[in-house]
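# A structural model of the following input is requested.
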Amino acid sequence: MRRELRAEWTKARTAPGTAWLLSAVVVLSAAASAAVAATVSCTAGGCDQDVPRLGLAGIQAGQAAVAVLAVFAVTGEYGTGMIATTFAAMPRRGRVLAAKAAVLTGLTLAAGTVAVLASVLAARLILPGNGFTAAGGHPPPSLADGPTLGAAAGTVLYLALIALFSLGAATAVRDSATAAGVVCGVLYVLPLIPRMVADPGWRRLLWQATPANAGLAVQTTTHLDDLPLGPWEGLGVAAAWAAAALLGAWLLVRTRDVRA
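From the prediction side, this is the model:
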């Protein structure tokens, strides 16, 4: 496994787009969080806002860069035909996939941590000017606060799960455009479907089964009883999607021809 890990780390480190995409995770997340923080306000009479979730709202933008990073980690090799060379040098394909997943997870956890810290900092600097003050009962987000720390840590884990799901989907599809379309559809289109369903039972069930809706529930720190699924249970749904995608990818990569 050491040889596979070294090879995948070398590929990730030397690929021209890796640094840009990791930077995009941070920039998109922080910029979107700052934009959200700038558009909300809390009056002197009080407000009912989940401040930590506001501070982490930009992750919904940053996850797109995570997905693209994961997609290119696989489809780039299929597009150039280098995947045949990879499997010729390291014929244990399951290990190659595991090494890709391990390297991608490490990179995503690192970038995700910086993105979350930058998002919290942006919200902490902007929200007090919009009425979110300790005197008003809504102090700006701080990692010294237990619920905020839990939401931040859960968000980093969520990004890692999205990366693994995207890796599995891209391995199954093997085409950059198709894989990106599938992943973005799951992340941005699928969450809209529950809102289009009139029946409350079906709406709740669809919400619970959607990886983005359920997974991002980990950012919630208030009114937890109103959620269709608990924060950490929601993260478990995202983990199930990632596991299913990776299992499917593992089965396919072991049995089919390497040609795209």
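# tell me who's in contact with Val74.
Contact partners of Val74, counting by CB atoms under 8 Å, 6 or more residues apart in numbering, are 100, 167, 170-171, 174, 179. Yep, even glycine has a C-beta here, placed from its N, CA and C like the rest.
# I'd like the mean pLDDT over the strand or helix carrying it, please.
Assessed by DSSP states H and E, Val74 sits inside helix 59-80. The pLDDT scores in helix 59-80 average 90.
# what's the first helix or strand after it?
Using DSSP H and E, the first helix or strand after helix 59-80 is helix 82-89.
# still on that earlier bit, export the contacts of Val74 to JSON lines and append columns for pLDDT and distance to Thr80.
JSON lines is the format used below for those (pLDDT from 0 to 100; distance: CB to CB, whole Å):
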{"residue": "Lys100", "pLDDT": "93", "distance to Thr80": "15"}
{"residue": "Leu167", "pLDDT": "96", "distance to Thr80": "18"}
{"residue": "Ala170", "pLDDT": "93", "distance to Thr80": "15"}
{"residue": "Thr171", "pLDDT": "92", "distance to Thr80": "16"}
{"residue": "Arg174", "pLDDT": "87", "distance to Thr80": "12"}
{"residue": "Ala179", "pLDDT": "92", "distance to Thr80": "15"}
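# pull stretch 195-204 out as CSV, backbone CA atoms only.
Written as CSV, here are the backbone C-alpha positions of stretch 195-204 (Å, rounded to 0.1, in the frame of the first residue of the first chain):
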residue,chain,number,x,y,z
ARG,A,195,-39.4,21.3,-1.6
MET,A,196,-41.4,20.3,-4.7
VAL,A,197,-43.3,17.5,-2.9
ALA,A,198,-46.6,18.4,-1.2
ASP,A,199,-46.9,15.3,1.0
PRO,A,200,-45.2,16.1,4.4
GLY,A,201,-44.2,12.5,4.9
TRP,A,202,-42.5,12.1,1.5
ARG,A,203,-41.0,15.5,1.8
ARG,A,204,-39.4,14.5,5.2
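# buried ones in the helix holding Val74?
Neighbour counts over helix 59-80 (16 or more other CB atoms under 10 Å) mark 59-78 as buried.
# ditto for stretch 106-114
107-108, 111-114.
# low-confidence stretches in this protein?
Scanning the chain for pLDDT under 70 picks out the ranges 44-46, 136, 257-260.
# quick one, strands of it?
Assigned by DSSP state E, the strands in the chain number zero.
# the residue sitting nearest the centre point of it: what's it in contact with?
With distances taken as CA atoms, centre = their mean, Leu159 lies nearest the centre of the chain, 2.7 Å away. Neighbour list for Leu159: 25, 59, 62-63, 66, 108-109, 111-112, 115 [criterion: CB under 8 Å, 6+ apart].
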